[in-house]
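*Asks:* sharing a sequence plus its predicted fold:
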Amino acid sequence: MIRSANLGFPRIGARRELKRAVEAYWKGATDAAALEGTGRELRARHWQAQQAAGIDAIPSNDFSFYDQMLDMTALLGAVPERFGHRGGAVGLDTLFAMARGRDDAPAMEMTKWFDTNYHFIVPELTDGMRFALSSSKPVDEFIEAKKLGIVTRPVLIGPVTWLSLAKTKGAEFDPLDLLHGVLPIYEQILDGLAAAGAEWVQIDEPVLVTDLTARQQGAFATAYDALAKAGPKIMLASYFGALGDNAALALRLPVAGVHLDLARAPGQLADVLPLAAGKVLSLGLIDGRNVWRADLSAKLALAKPALAALGPDRIEVAPSCSLLHVPVDLGQEDEIDDELASWLAFAVQKLGEVRTLARALGEGRSAVARQMAASDKALAARRASARIHDVAVSARLDTVTPADLERRGTYAERRAVQDEKLRLPAFPTTTIGSFPQTAEVRKARAAHRKGELDDAAYEAFLKDETRACVAEQERLGLDMLVHGEFERNDMVEYFGELLAGFAFTRHGWVQSYGSRCVKPPLIYGDVSRPAPMTVDWSAFAQSLTTRPMKGMLTGPVTILQWSFVRDDQPRERTCRQIALAIRDEVCDLEAAGLPAIQIDEPALREGLPLRCADWAGYLAWAIDAFRLTASGVRNDTQIHTHMCYSEFNDIIEHIARMDADVISIEASRSDMELLQVFGDFDYPNEIGPGIWDIHSPRIPSEAEMTALLAKATKAIPAERLWVNPDCGLKTRAWPEVRASLANLVAAAKGVRQGALAAE
Ligand SMILES: Nc1nc2c(c(=O)[nH]1)N[C@@H](CNc1ccc(C(=O)N[C@@H](CCC(=O)N[C@@H](CCC(=O)N[C@@H](CCC(=O)O)C(=O)O)C(=O)O)C(=O)O)cc1)CN2
Ligand SMILES: [Zn+2]
């Protein structure tokens with residue numbers, strides 16, 4: 001027998017039960033007992049689903065009410081001072097305050113988990129910080145599963161990854177200086193798990209697939225020497241790429257097993273096998289980052305050398321990474337046609353594939369002949385399907401020339417004619433696009449989808465929302481307006497629904513951060529734009545006001561990055577197809593009279609490969625895709641772009657190469673730190689650093705925002721600064737939005753006056 005394993009199961013629930021429970025608790029509609037109850041039910045259901053799928057190593061502690069990194073932070077007692085934690089167990093409310101902020105304490109930072117659209121809460125470290133075991137969650141959940149008759153393999157984020165992803169506050173120091181402080185806590189956790197009966201633990205160290213410093217390498221040796229002495233056997237999990245030059249380091253550590261991502265990096269198996277003496281290898285064969293049904297014959301062939309080299313007791317079969325990043329169950333999708341459905345696998349189906357492969361390896365292909373044949377057949381049908389190719393799209397790709405990637409004039413020329421046309425004040429105020437997606441808006445959309453609200457009534461409703469939103473922006477005194485995005489369910493899914501080559505799901509939700517989920521569209525074929533997508537909405541909004549209106553589009557890299565992308569051609573090619581479709585939309589918006597057009601690229605940074613050696617290749621095609629999208633317009637059309645959750649330090653020259661007239665960035669949670677690099681680089685175009693952290697329900701005061709603007713003027717010349725929130729306002733409620741935007745406009749006006757007085 002060959003063991004089958006899972007690294008993590010989606011915790012949100014097949015119908016987003018966790019989202020609803022957490023949000024009800026935040027609203028005060030339910031109590032902690034009710035929330036804990038939902039958590040328990042979901043955990044039980046998910047463990048049992050994995051057991052039913054025949055998985056041997058079932059994870060626990062992969063559940064979280066908000067984020068697994070935040071849970072690790074709480075477990076270590078690493079609660080920043082401002083949350084007033086006085087030792088003992090970190091309770092639910094402290095946990096949520098850390099994630100979301102509280103009136104008296106801003107939230108901790110949030111950033112992307114490697115190259116995914118999942119966001120984690122960044123640990124915040126201070127020099128000499130003390131740690132203490134401050135939660136019993138891993139042990140509690142292990143015991144909870146055991147009572148259901150399931151002996152799980154608890155999951156922890158490893159110490160080197162946890163520290164490497166942390167940021168330091170106050171004095172300058174290396175987070176790894178605190179390794180000796182956290183290791184005793186990890187040892188206590190492992191001892192506790194061993195005492196509760198855990199034979200194995202999974203420790204996630206995804207930093208193992210990145211370029212490690214000598215300090216990090218040393219930390220691995222120190223950490224695992226210590227942890228190996230504690231009770232349970234350790235399955236050290238790497239994922240999202242190849243171990244590469246860290247392979248020897250990882251395989252030398254005194255751990256019982258190592259997990260490899262063989263979906264992203266199938267080639268690494270050959271490199272690792274000779275180093276695997278005495279270890280169990282967990283073969284991450286089934287792609288945990290995408291939704292395509294696996295080619296089981298190819299996976300079986302890939303795994304066979306491992307079986308030959310190590311024998312059946314020293315391999316296990318698993319998904320490439322936690323299944324957190326894929327939807328729960330394809331079985332719920334009744335609107336996907338049978339042909340497309342036969343090409344897909346979600347979390348539940350993927351566990352079936354894991355089990356089939358484990359049996360094929362252990363008992364021979366004939367033991368699972370039916371499943372293997374079905375996989376072969378589906379793969380062959382997908383390859384041969386007429387739906388995936390569109391000759392007109394390929395023909396157009398061939399006509400693209402370098403000139404299509406260039407704006408007509410230089411930035412200086414464009415700035416002059418745009419200033420002339422737009423006549424904006426200094427420190428112009430704007431927003432990032434979306435306004436509150438209230439329950440009413442979502443209800444109307446749901447009713448429209450179900451046929452309870454006809455097209456005309458839905459359109460009339462959206463027009464009313466847009467009208468009210470434009471009036472509200474005029475009343476607040478904003479300078480450049482937006483239409484509010486009420487017609488959009490999501491900035492990527494909406495475009496996916498209107499572009500050819502895309503399919504979408506009904507229940508394919510994936511957690512993005514906290515209770516927030518996305519439903520990534522599926523790109524299965526060549527992409528094109530059958531008709532204009534946003535022009536009517538933007539033109540309608542512009543007709544309501546004499547102030548300049550910004551057209552609002554999602555950029556090609558972000559559409560690519562936040563979709564499940566076909567795996568039968570290079571991503572670069574799919575991205576270029578999307579770029580051409582959005583370019584047409586940009587030109588149509590200009591023709592409809594929109595003076596400014598924003599092309600959002602919040603996922604550009606997230607798409608950056610995890611290894612520096614791969615950056616140049618990605619950045620070349622990703623930036624070119626943006627330029628192709630943006631360059632069809634006249635000089636007097638102002639192109640904006642927007643990015644959030646991005647570190648720009650390493651890629652600033654490429655951001656400059658995008659050559660957007662204005663870029664708005666998220667900057668408030670980092671206290672404008674993100675802006676420094678634009679100043680140091682002498683970034684030539686206009687910038688709007690966010691001065692309102694829109695991911696927190698907290699309303700920032702005028703004084704606070706003035707202070708951030710003052711900081712911004714230290715890094716960037718005043719005549720190039722815009723004033724705006726960190727990101728769109730769709731997750732906020734109207735009262736917060738009105739109050740915060742009033743403060744934001746007041747701060748901008750104050751700074752304008754101060755700047756004039758100083759002259
Ligand atoms: N794709 C994507 N990735 C992103 C972002 C983003 O905007 N989009 N932003 C950044 C931060 N991440 C975010 C991710 C999600 C949300 C968000 O607000 N998500 C919503 C869902 C948005 C959505 O698709 N809404 C749909 C479906 C709404 C819904 O739940 N409908 C109900 C019915 C509604 C009712 O009857 O009341 C249902 O289907 O069951 C709609 O508006 O139409 C949520 O989780 O609540 C915000 C930020 C980074 N990554
Ligand atoms: Zn944003």
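*Replies:* Noted; the coordinates are in hand. On a predicted model such as this, the values are computed, not experimentally measured, just so you know. Numbering: from 1, shown residues only. Ligands and ions are numbered 1, 2, ... in the order given.
*Asks:* near ligand 1, which residues of the chain show up?
*Replies:* Proximity of the chain to ligand 1, by C-beta under 6 Å from any ligand atom, involves residues 117, 437, 439, 442-443, 445-446, 489-492, 512-513, 516-519, 562, 602, 730-731. Where C-beta positions appear, they are placed from N, C-alpha and C, glycine not excepted.
*Asks:* within reach of ligand 2, which of those are there?
*Replies:* Among these, the residues within reach of ligand 2 (C-beta under 5 Å from the ion) are Pro602.
*Asks:* now, of the residues of the chain next to ligand 1, which are buried?
*Replies:* Buried members of those, scored by 16 or more other C-beta atoms under 10 Å, are 117, 437, 445, 489-492, 512-513, 517-519, 562, 602, 730-731.
*Asks:* quick check, nearest of these to Lys304?
*Replies:* If you rank these by distance to Lys304 using C-beta to C-beta, Asn117 comes first, at 34.0 Å.
*Asks:* show me what contacts that closest one?
*Replies:* 325, 510, 512, 518, 520, 561-562, 603, 606 (C-beta atoms under 8 Å, 6 or more residues apart in numbering).
*Asks:* quick one: which of those sit in strands?
*Replies:* Residues of those located in strands (DSSP state E): 510, 512, 518.
*Asks:* grab the nearest non-local neighbour of the last one.
*Replies:* Residue nearest to Val518 in three dimensions, not counting chain neighbours: Ser512, with 4.9 Å by C-beta to C-beta, 6 or more residues apart in numbering.
*Asks:* mind pulling the model confidence for that neighbour?
*Replies:* Note on Ser512: pLDDT of 97.
*Asks:* if I look at it, how far off is Lys233?
*Replies:* Noted for Ser512: a distance of 33 Å to Lys233, by C-beta to C-beta, to the nearest Å.
*Asks:* quick revisit: now, which of the buried ones among the residues of the chain next to ligand 1 sits nearest Leu243?
*Replies:* For these, the nearest to Leu243 is Asn117 (23.9 Å; C-beta to C-beta).
*Asks:* now do the most centrally placed residue in the chain against Leu560, distance only.
*Replies:* Against the mean C-alpha coordinate of the chain, by C-alpha atoms, centre = their mean, the closest residue is Asn117 at 1.3 Å. According to C-beta to C-beta, Asn117 and Leu560 sit 12 Å apart.
*Asks:* joint contacts of these two?
*Replies:* Shared contacts of Asn117 and Leu560, counting by C-beta under 8 Å, 6+ apart, come down to Ala603.
*Asks:* wait, Leu610 touches Lys112, no?
*Replies:* No: at 11.4 Å, Leu610 does not count as touching Lys112 under the criterion of C-beta atoms under 8 Å.
*Asks:* which residue ranges form the helices in the stretch 1-150 of the chain?
*Replies:* For the stretch 1-150 of the chain, the helices defined by DSSP state H, counting those that start in this stretch occupy 17-27, 32-52, 68-75, 92-100, 137-147.
*Asks:* how many neighbours does Glu353 have?
*Replies:* 23 (other C-beta atoms under 10 Å).
*Asks:* let me see the backbone angles for it.
*Replies:* The phi/psi pair for Glu353 (degrees, to the nearest 10) reads phi -70, psi -40.
*Asks:* now do the contacts for it.
*Replies:* Shown in contact with Glu353 (C-beta under 8 Å, 6+ apart): 286, 293-294, 296, 345, 375.
*Asks:* TSV for the residues you listed, including secondary structure and pLDDT?
*Replies:* Listed next are the contacts of Glu353 as TSV, based on DSSP: H, G, I helix; E, B strand; the rest coil; pLDDT from 0 to 100:
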residue	secondary structure	pLDDT
Ile286	strand	98
Arg293	coil	98
Ala294	coil	98
Leu296	helix	98
Ala345	coil	98
Ser375	helix	98
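*Asks:* neighbour-wise, which of those residues leads?
*Replies:* Using other C-beta under 10 Å as the neighbour criterion, Ile286 leads those with 29 neighbours.
*Asks:* in the sheet, which residues pair with it? Tell me.
*Replies:* Beta-bridge partners recorded for Ile286 (DSSP bridges): Pro319.
*Asks:* quick one, what contacts it?
*Replies:* Applying C-beta under 8 Å, 6+ apart to Ile286 gives the contacts 263, 294, 299, 317-320, 345, 350, 353-354, 357.
*Asks:* picking up where we left off before, ok, the buried ones among the residues of the chain next to ligand 1 vs Ala34, which is closest?
*Replies:* For these, the residue nearest Ala34 by C-beta to C-beta is Cys517; the value is 20.3 Å.
*Asks:* contact partners for the closest one?
*Replies:* Counting by C-beta under 8 Å, 6+ apart, Cys517 touches 12, 16, 19, 509-511.
*Asks:* which stretch of helix or strand covers the residue in the stretch 601-750 of the chain positioned nearest to ligand 1?
*Replies:* Proximity of the stretch 601-750 of the chain to ligand 1 (C-beta to the nearest ligand atom) peaks at Thr731, 5.0 Å away. Using DSSP states H and E, Thr731 sits within no helix or strand.
*Asks:* tell me the buried residues in the longest helix anywhere in the chain?
*Replies:* Using DSSP state H, we find that the single longest helix of the chain is helix 734-758. Neighbour counts over helix 734-758 (16+ other C-beta under 10 Å) mark 736-737, 740-741, 743-752 as buried.
*Asks:* those residues into CSV, with extra columns for pLDDT and distance to Leu340?
*Replies:* Converted to CSV, the buried residues of helix 734-758 look like this (pLDDT from 0 to 100; distance: C-beta to C-beta, whole Å):
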residue, pLDDT, distance to Leu340
Glu736, 97, 40
Val737, 98, 39
Ser740, 98, 43
Leu741, 98, 43
Asn743, 98, 48
Leu744, 98, 45
Val745, 98, 48
Ala746, 97, 52
Ala747, 97, 50
Ala748, 98, 49
Lys749, 97, 53
Gly750, 96, 55
Val751, 96, 53
Arg752, 95, 54
